[in-house]
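Colleague: The following block contains a protein sequence and its predicted model.
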Amino acid sequence: MMKFKWYVLLLTAALWSLPASAATNDCFPFVGEKYKFDVGWEFVNAGTAEISITKQGADGYRVHNFARTNGFIDLFKRVRDTLVSEGLCIDGKMQSTLFTTDQVERDYKATKHVKYLYKEHKVEFTKNGKTKMFDVPAGHLNVIDAFYLTRMNPPSKGKPLSIPVFDSEKKYDVTVKLLKRERIKAPWGKWVDCLVIQPELKTEGVFTSVGVIKIWLTNDARRIPLKITAKLKIGRIVVRLTEYSKT
């Protein structure tokens, strides 16, 4: 059975209301947000995902993502995956400092640590105890941080957004396009206008098996991710927001 990689769609969703602190809010106004999502594979309820965002020091932030399959899917492919993204606000701009993935998928286990050594213009990539160094200029983000940057600066029609990222041992510019505007029903019961965006990813790794990704963001100042879809080699995954809060 295919590997479920839907946990990273939360950019992905992860990819994006009110300030929690003056310093962090300069470039990352999402501290205090919490989300819960239902994840479906075709017509099957596959599992759930949760995201929480906390403050790290005076100028930092931490995004914690946890995803799990439900009891039925556990019979075929048990998933317990954790992703953590950390970063800083430097001169009013986001800078990723750490990206970790801890994948537990039935018999498959993998741990990855990516340290963004921006002062040295390097990235340290470690997978299952083996480390590699890459030349990466300061300013490159991980894919989760790229999602939050997109929430603050969404693309407009005919003007895609380009963000430098380092992901899966590669550095490149991820392009995010605005596809259309559409009204969908929010978990709080109201129909809301949304921006439907599409990130164009060039790497695999945690995005293995994921095809075209679409994300529905509320068309307001918060740009809350309400829905995410992705085509897979077999079927389609649909991620829907069920709970949202901001402290």
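Modeller: Perfect, thanks for sending it.

Colleague: What's the first helix or strand after the longest strand along the chain?
Modeller: Longest among the strand segments of the chain by residue count, using DSSP state E, is strand 170-185. Downstream of strand 170-185, the first helix or strand assigned by DSSP states H and E is strand 191-200.

Colleague: where along the chain do the helices fall?
Modeller: Here the chain has its helices, by DSSP state H, at 22-25, 71-74, 143-152.

Colleague: And the contacts of the second one?
Modeller: Contacts made with helix 71-74 from outside it, assessed by CB atoms under 8 Å, 6 or more residues apart in numbering, are listed as F4, W41, V44, N45, A46, G47, V79. In short, each C-beta sits where N, CA and C put it, glycine included.

Colleague: list the buried ones in that helix?
Modeller: I73 (16 or more other CB atoms under 10 Å).

Colleague: Just checking the distance from it to the centre of its chain.
Modeller: 24 Å (CA atoms, centre = their mean, to the nearest Å).

Colleague: tell me the phi and psi of the closest residue to H121 other than its chain neighbours?
Modeller: Of all residues not flanking H121 in the chain, P137 sits nearest, at 5.3 Å (CB to CB, 6 or more residues apart in numbering). Backbone torsions for P137, taken as degrees, to the nearest 10, come to phi -60, psi 150.

Colleague: What about P137, how many residues nearby?
Modeller: 12 (other CB atoms under 10 Å).

Colleague: Can you report phi and psi for G57?
Modeller: phi 70, psi -160.

Colleague: Could you pull out the strands in this structure for me?
Modeller: Using DSSP E, strands in the chain cover 33-41, 44-56, 60-69, 80-90, 93-105, 108-117, 122-127, 130-135, 161-167, 170-185, 191-200, 213-218, 225-231, 236-246.

Colleague: Could you check the ones you listed and tell me which one is nearest C27?
Modeller: Comparison of the strands of the chain against C27 by CB to CB identifies strand 80-90 as nearest, at 4.1 Å.

Colleague: Mind giving me the packing neighbours of that closest one?
Modeller: For strand 80-90, the packing partners by 3 or more CB pairs under 8 Å, 6 or more residues apart in numbering; DSSP states H and E come out as strand 60-69, strand 93-105, helix 143-152.

Colleague: Nearest to T131, out of these?
Modeller: Comparing those by CB to CB, strand 93-105 comes nearest, at 13.6 Å.

Colleague: contacts for the closest one?
Modeller: Taking CB under 8 Å, 6+ apart as the rule, strand 93-105 contacts 3-4, 27-28, 60, 77-89, 109-116, 118, 138-142, 144-145, 148-149, 166, 206.

Colleague: Now N219. Nearest residue, chain neighbours left out?
Modeller: Counting by CB to CB, 6+ apart, the residue nearest N219 is D193, at 4.1 Å.

Colleague: ok, back up a step: quickly compare the helices and strands packed on strand 80-90 and say which is most buried.
Modeller: helix 143-152 (a mean of 25; mean count of other CB atoms under 10 Å).

Colleague: average pLDDT across that helix?
Modeller: Helix 143-152 shows an average pLDDT of 93 in the prediction.

Colleague: ok and it relative to strand 170-185, angle-wise?
Modeller: 50 degrees (axes from the mean of the first three to the mean of the last three CA atoms, to 10 degrees).

Colleague: Give me the helices and strands touching helix 143-152, please.
Modeller: Against helix 143-152 (3+ CB pairs under 8 Å, 6+ apart) you get strand 60-69, strand 80-90, strand 93-105, strand 161-167, strand 170-185, strand 191-200.

Colleague: where does the chain dip in pLDDT?
Modeller: 1-26, 202-211 (pLDDT under 70).
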